[in-house]
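Participant: pasting the sequence and the predicted model now:
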Amino acid sequence: QQKVQQSPESLTVSEGAMASLNCTFSDGTSDNFRWYRQHSGKGLEVLVSIFSDGEKEEGRFTAHLNRASLHVSLHIREPQPSDSAVYLCAMGAGNTRKLIFGLGTTLQVQP
Amino acid sequence: ETAVFQTPNYHVTQVGNEVSFNCKQTLGHDTMYWYKQDSKKLLKIMFSYNNKQLIVNETVPRRFSPQSSDKAHLNLRIKSVEPEDSAVYLCASSYGLGASYEQYFGPGTRLTVL
(Lines give C-alpha, C1' and ligand atoms only; values in the text may rest on other atoms or scores of the structure.)
Protein backbone atom coordinates (compact mmCIF):
# COMPACT_ATOMS: atom_id res chain seq x y z
CA GLN A 1 0.00 0.00 0.00
CA GLN A 2 1.35 3.40 -0.96
CA LYS A 3 2.24 5.62 2.00
CA VAL A 4 3.25 9.20 2.60
CA GLN A 5 5.26 10.19 5.69
CA GLN A 6 5.84 13.76 6.77
CA SER A 7 8.42 15.26 9.08
CA PRO A 8 8.71 16.96 11.41
CA GLU A 9 5.36 16.51 13.08
CA SER A 10 5.52 20.10 14.28
CA LEU A 11 7.85 23.01 13.64
CA THR A 12 8.23 26.43 15.21
CA VAL A 13 10.17 29.15 13.42
CA SER A 14 10.64 32.85 13.89
CA GLU A 15 9.13 35.27 11.45
CA GLY A 16 11.50 35.73 8.53
CA ALA A 17 13.49 32.52 9.06
CA MET A 18 13.28 29.77 6.41
CA ALA A 19 10.91 26.90 7.20
CA SER A 20 11.64 23.47 5.70
CA LEU A 21 9.19 20.59 5.65
CA ASN A 22 9.80 17.05 4.42
CA CYS A 23 7.79 14.28 2.82
CA THR A 24 8.88 10.76 1.91
CA PHE A 25 6.80 8.33 -0.09
CA SER A 26 6.83 4.57 -0.29
CA ASP A 27 7.49 3.99 -3.97
CA GLY A 28 8.62 5.81 -7.07
CA THR A 29 5.62 5.13 -9.31
CA SER A 30 3.85 8.37 -8.51
CA ASP A 31 4.04 11.11 -11.11
CA ASN A 32 2.69 14.09 -9.20
CA PHE A 33 3.06 15.64 -5.78
CA ARG A 34 1.38 18.51 -4.05
CA TRP A 35 1.75 20.61 -0.98
CA TYR A 36 -1.40 21.94 0.66
CA ARG A 37 -1.94 24.31 3.55
CA GLN A 38 -4.85 24.02 5.98
CA HIS A 39 -5.58 26.80 8.44
CA SER A 40 -7.47 25.78 11.54
CA GLY A 41 -11.10 25.03 10.73
CA LYS A 42 -10.64 25.68 7.03
CA GLY A 43 -10.32 23.66 3.82
CA LEU A 44 -7.15 22.85 1.92
CA GLU A 45 -5.33 25.43 -0.17
CA VAL A 46 -2.92 24.10 -2.82
CA LEU A 47 0.51 25.75 -2.58
CA VAL A 48 2.75 23.96 -5.09
CA SER A 49 2.23 21.09 -7.53
CA ILE A 50 5.33 19.38 -8.90
CA PHE A 51 5.47 16.69 -11.56
CA SER A 52 9.18 16.20 -12.34
CA ASP A 53 12.45 16.06 -10.45
CA GLY A 54 13.91 19.42 -9.52
CA GLU A 55 12.53 22.60 -8.11
CA LYS A 56 9.23 24.45 -8.49
CA GLU A 57 8.64 27.88 -7.03
CA GLU A 58 5.29 29.55 -6.34
CA GLY A 59 5.87 32.89 -4.64
CA ARG A 60 7.48 32.25 -1.24
CA PHE A 61 6.92 28.49 -1.51
CA THR A 62 9.46 26.20 -3.23
CA ALA A 63 9.10 22.45 -3.64
CA HIS A 64 12.04 20.13 -4.37
CA LEU A 65 11.33 16.67 -5.77
CA ASN A 66 13.80 13.79 -5.90
CA ARG A 67 11.98 10.65 -6.96
CA ALA A 68 15.09 8.47 -6.75
CA SER A 69 15.28 9.36 -3.04
CA LEU A 70 11.49 9.12 -2.68
CA HIS A 71 11.52 12.62 -1.22
CA VAL A 72 9.79 15.93 -1.74
CA SER A 73 10.34 18.99 0.42
CA LEU A 74 8.71 22.38 0.87
CA HIS A 75 10.65 25.51 1.77
CA ILE A 76 8.86 28.62 2.92
CA ARG A 77 10.84 31.81 2.47
CA GLU A 78 10.26 34.65 4.97
CA PRO A 79 7.40 32.94 6.82
CA GLN A 80 4.85 35.15 8.51
CA PRO A 81 2.53 34.47 11.45
CA SER A 82 -0.31 34.08 8.93
CA ASP A 83 1.55 31.04 7.53
CA SER A 84 0.88 29.20 10.81
CA ALA A 85 -1.16 26.18 9.70
CA VAL A 86 -0.99 22.45 8.99
CA TYR A 87 0.94 21.61 5.82
CA LEU A 88 -0.09 18.45 4.00
CA CYS A 89 1.88 16.58 1.39
CA ALA A 90 -0.06 14.52 -1.16
CA MET A 91 1.08 11.97 -3.70
CA GLY A 92 -0.95 11.02 -6.73
CA ALA A 93 -0.63 8.25 -9.25
CA GLY A 94 -2.64 8.78 -12.38
CA ASN A 95 -3.74 5.18 -12.72
CA THR A 96 -5.17 5.02 -9.19
CA ARG A 97 -7.13 8.24 -9.74
CA LYS A 98 -6.64 9.33 -6.15
CA LEU A 99 -4.41 11.39 -3.90
CA ILE A 100 -2.73 9.89 -0.86
CA PHE A 101 -2.06 12.32 1.95
CA GLY A 102 0.46 12.47 4.77
CA LEU A 103 -0.52 13.32 8.34
CA GLY A 104 0.79 16.85 8.05
CA THR A 105 3.30 19.15 9.71
CA THR A 106 1.97 21.80 12.07
CA LEU A 107 3.90 25.01 11.50
CA GLN A 108 3.93 27.82 14.03
CA VAL A 109 5.52 31.11 13.00
CA GLN A 110 6.36 33.36 15.94
CA PRO A 111 6.45 37.15 15.51
CA GLU B 1 -17.43 33.91 -6.70
CA THR B 2 -16.10 30.60 -8.01
CA ALA B 3 -15.26 28.05 -5.37
CA VAL B 4 -16.37 24.91 -3.54
CA PHE B 5 -19.12 25.50 -0.99
CA GLN B 6 -20.21 23.16 1.79
CA THR B 7 -23.13 23.24 4.22
CA PRO B 8 -23.48 23.00 7.11
CA ASN B 9 -20.20 24.09 8.74
CA TYR B 10 -20.90 22.02 11.86
CA HIS B 11 -23.36 19.34 12.82
CA VAL B 12 -23.89 17.63 16.18
CA THR B 13 -26.15 14.60 16.34
CA GLN B 14 -26.93 11.44 18.26
CA VAL B 15 -25.91 7.88 17.37
CA GLY B 16 -28.38 6.30 14.95
CA ASN B 17 -29.61 9.52 13.37
CA GLU B 18 -29.45 10.31 9.67
CA VAL B 19 -27.45 13.30 8.43
CA SER B 20 -26.93 14.89 5.07
CA PHE B 21 -24.18 17.22 3.91
CA ASN B 22 -24.25 19.40 0.82
CA CYS B 23 -21.52 20.39 -1.58
CA LYS B 24 -21.66 22.69 -4.58
CA GLN B 25 -18.89 23.84 -6.89
CA THR B 26 -19.07 26.82 -9.21
CA LEU B 27 -15.75 26.12 -10.95
CA GLY B 28 -17.27 24.29 -13.92
CA HIS B 29 -15.46 21.07 -12.99
CA ASP B 30 -16.51 17.58 -14.09
CA THR B 31 -15.27 15.63 -11.08
CA MET B 32 -16.16 15.90 -7.41
CA TYR B 33 -14.91 14.08 -4.31
CA TRP B 34 -15.71 13.42 -0.68
CA TYR B 35 -12.86 13.01 1.79
CA LYS B 36 -12.92 12.16 5.48
CA GLN B 37 -10.39 13.83 7.79
CA ASP B 38 -10.08 12.10 11.13
CA SER B 39 -8.97 13.47 14.48
CA LYS B 40 -5.33 12.81 13.58
CA LYS B 41 -5.74 14.98 10.48
CA LEU B 42 -5.41 12.00 8.12
CA LEU B 43 -7.31 12.71 4.92
CA LYS B 44 -8.78 9.76 3.03
CA ILE B 45 -10.82 9.64 -0.16
CA MET B 46 -14.33 8.20 0.23
CA PHE B 47 -15.98 8.76 -3.14
CA SER B 48 -15.30 10.42 -6.45
CA TYR B 49 -17.83 11.26 -9.14
CA ASN B 50 -17.23 12.18 -12.76
CA ASN B 51 -20.17 13.66 -14.70
CA LYS B 52 -22.59 12.29 -12.09
CA GLN B 53 -21.12 8.78 -12.35
CA LEU B 54 -19.51 7.08 -9.37
CA ILE B 55 -15.89 6.33 -10.25
CA VAL B 56 -14.15 5.52 -6.97
CA ASN B 57 -15.86 4.06 -3.97
CA GLU B 58 -13.35 3.29 -1.29
CA THR B 59 -14.27 0.73 1.32
CA VAL B 60 -16.57 2.91 3.34
CA PRO B 61 -19.48 1.48 5.36
CA ARG B 62 -22.73 1.08 3.47
CA ARG B 63 -24.45 3.64 5.67
CA PHE B 64 -22.59 6.28 3.62
CA SER B 65 -24.15 7.15 0.27
CA PRO B 66 -23.19 9.93 -2.14
CA GLN B 67 -25.87 11.66 -4.17
CA SER B 68 -25.28 13.72 -7.29
CA SER B 69 -28.03 15.63 -9.10
CA ASP B 70 -25.71 17.28 -11.60
CA LYS B 71 -22.00 17.92 -12.19
CA ALA B 72 -21.97 20.85 -9.78
CA HIS B 73 -23.49 19.10 -6.77
CA LEU B 74 -22.38 16.12 -4.70
CA ASN B 75 -24.13 15.47 -1.41
CA LEU B 76 -23.28 12.90 1.25
CA ARG B 77 -25.84 11.07 3.31
CA ILE B 78 -25.07 8.99 6.38
CA LYS B 79 -27.99 6.75 7.22
CA SER B 80 -27.37 5.81 10.82
CA VAL B 81 -24.36 7.58 12.30
CA GLU B 82 -21.87 5.87 14.59
CA PRO B 83 -19.40 7.51 17.01
CA GLU B 84 -16.48 6.73 14.66
CA ASP B 85 -18.13 8.91 12.01
CA SER B 86 -17.12 12.00 13.99
CA ALA B 87 -14.72 13.77 11.65
CA VAL B 88 -14.41 16.61 9.19
CA TYR B 89 -15.87 15.82 5.77
CA LEU B 90 -14.22 17.70 2.93
CA CYS B 91 -15.64 18.08 -0.55
CA ALA B 92 -13.37 18.79 -3.51
CA SER B 93 -13.62 19.17 -7.27
CA SER B 94 -11.28 18.99 -10.25
CA TYR B 95 -11.42 19.70 -13.96
CA GLY B 96 -10.80 16.10 -14.94
CA LEU B 97 -10.56 12.62 -13.53
CA GLY B 98 -7.23 11.42 -12.20
CA ALA B 99 -4.69 12.44 -9.62
CA SER B 100 -2.83 14.65 -12.09
CA TYR B 101 -5.66 17.21 -12.03
CA GLU B 102 -5.62 19.92 -9.39
CA GLN B 103 -8.26 19.44 -6.70
CA TYR B 104 -9.94 22.41 -5.04
CA PHE B 105 -11.38 21.91 -1.57
CA GLY B 106 -14.31 23.30 0.33
CA PRO B 107 -14.06 24.44 3.97
CA GLY B 108 -15.41 21.16 5.34
CA THR B 109 -18.29 20.03 7.53
CA ARG B 110 -17.38 19.00 11.08
CA LEU B 111 -19.58 16.16 12.33
CA THR B 112 -19.78 15.29 16.02
CA VAL B 113 -21.66 12.15 16.99
CA LEU B 114 -22.65 11.95 20.65
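Facilitator: The structure has been received and is ready for your questions. Computed from a predicted model, the values in this text were never measured in an experiment.
Participant: and the helix or strand hosting residue B:89, what does it pack onto?
Facilitator: Assigned by DSSP states H and E, residue B:89 belongs to strand B:87-94. When contacts are defined as 3 or more Cβ pairs under 8 Å, 6 or more residues apart in numbering or on different chains; DSSP states H and E, strand B:87-94 sits against strand B:4-7, strand B:19-25, strand B:31-37, strand B:73-78, strand B:103-105, strand B:109-113. All C-beta atoms are positioned from the backbone trio N, CA, C, and that covers glycine.
Participant: report all helices and strands that the fourth one contacts.
Facilitator: In this case it means strand B:73-78. strand B:19-25, strand B:31-37, strand B:43-50, strand B:64-70, strand B:87-94.
Participant: isn't there a helix covering residue A:82?
Facilitator: Yes - under DSSP: H, G, I helix; E, B strand; the rest coil, residue A:82 falls within a helix.
Participant: pLDDT at the closest residue to it other than its chain neighbours, what is it?
Facilitator: Excluding its sequence neighbours, the residue lying closest to residue A:82 (Cβ to Cβ, 6 or more residues apart in numbering or on different chains) is residue A:109, at 7.8 Å. On the pLDDT scale, residue A:109 is placed at 96.
Participant: make CSV out of the helices and strands packed on strand B:87-94 and add mean neighbour count.
Facilitator: Shown next, in CSV, are the helices and strands packed on strand B:87-94 (neighbours: other Cβ atoms under 10 Å in any protein chain shown):
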stretch, mean neighbour count
strand B:4-7, 18
strand B:19-25, 19
strand B:31-37, 24
strand B:73-78, 20
strand B:103-105, 23
strand B:109-113, 18
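Participant: pipe those into JSON lines and attach distance to residue A:43 and mean pLDDT per row.
Facilitator: Output for the helices and strands packed on strand B:87-94, formatted as JSON lines (distance: least, Cβ to Cβ, whole Å; pLDDT from 0 to 100):
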{"stretch": "strand B:4-7", "distance to residue A:43": "7", "mean pLDDT": "95"}
{"stretch": "strand B:19-25", "distance to residue A:43": "11", "mean pLDDT": "97"}
{"stretch": "strand B:31-37", "distance to residue A:43": "10", "mean pLDDT": "94"}
{"stretch": "strand B:73-78", "distance to residue A:43": "15", "mean pLDDT": "95"}
{"stretch": "strand B:103-105", "distance to residue A:43": "4", "mean pLDDT": "93"}
{"stretch": "strand B:109-113", "distance to residue A:43": "10", "mean pLDDT": "96"}
